[in-house]
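Participant: predicted model and sequence below, questions to follow.
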Amino acid sequence: MASETVQLKTERLILRPFTEGDAEPFAAINADPEVMRYIGNGQPRDLERTREGIEKSVRDWDEQGWGTFAVEETATGELVGFAALAVPTFLPEILPAVEVGWRFKRDRWGRGYAPEAARAAIAFGFEEVGLDRVVSCIHSDNAASIRVAEKLGMTLERRTVVPGLEVPCSVYELKRA
């Protein structure tokens, strides 16, 4: 499936593969310390690091036919975050696995965008990619993302620590019905 043809629509959002033109608006999201608090080492990411992530996303789509979705608000056309299907290589103990993840602009928090976008990404993973299971690796102190996982019907599979970062991680899972 060519990434250019993939576009998912929800009630309020459009999910599509990232393009180079998304680098600056996405870098603004990644530069917010509160948004990045529970991601990786908790440090904001600059434009260069954001571009590297987008380039990896484009490669994933080209090589796998699935990956990270840029999320636009339908009403404004604004890039407001992402919903991803990605291999969580940072947590080898759970591999093989595909993770569903999400990240949104802080001014869009609390609107239900994360579960709305993640539901669409999961449906794509189950129906189009043929996945039988998805996981979500969430910093154990990130109560908001844990609530999102629970809204998605995910259940706690294990608690662990991310090697190298030594941050507590709760792994939630959802199996195809």
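Facilitator: Cool, got the structure. Residues are numbered from 1 along each chain as shown.

Participant: need the residues that contact the biggest helix by length in the chain.
Facilitator: The longest helix of the chain (DSSP state H) is helix 47-64. Contacting residues not belonging to helix 47-64 are listed as 3, 6, 17-20, 22-24, 26-27, 30, 45, 66-68, 84, 86 [C-beta atoms under 8 Å, 6 or more residues apart in numbering]. Bear in mind the C-beta positions are built from the backbone N, C-alpha and C, glycine included.

Participant: mind redoing it with 7 Å?
Facilitator: 3, 17, 18, 20, 22, 23, 24, 26, 27, 30, 67, 68 (C-beta atoms under 7 Å, 6 or more residues apart in numbering).

Participant: next one: stretch 29-40
Facilitator: Counting by C-beta under 7 Å, 6+ apart, 42-46, 50, 81, 103, 105-106, 139, 141-142, 145, 165 sit against stretch 29-40.

Participant: distance from the chain centre to the helix or strand containing residue 114, please.
Facilitator: Here residue 114, judged by DSSP states H and E, is contained in helix 113-124. Distance, stretch centre to chain centre, for helix 113-124: 9 Å (C-alpha atoms, centre = their mean, to the nearest Å).

Participant: that older thread, so which of the contacts of stretch 29-40 is the closest to residue 175?
Facilitator: residue 145 (19.6 Å; C-beta to C-beta).

Participant: test my guess that that closest one contacts residue 137.
Facilitator: No. Between residue 145 and residue 137 there is no contact under C-beta atoms under 7 Å: 9.8 Å.
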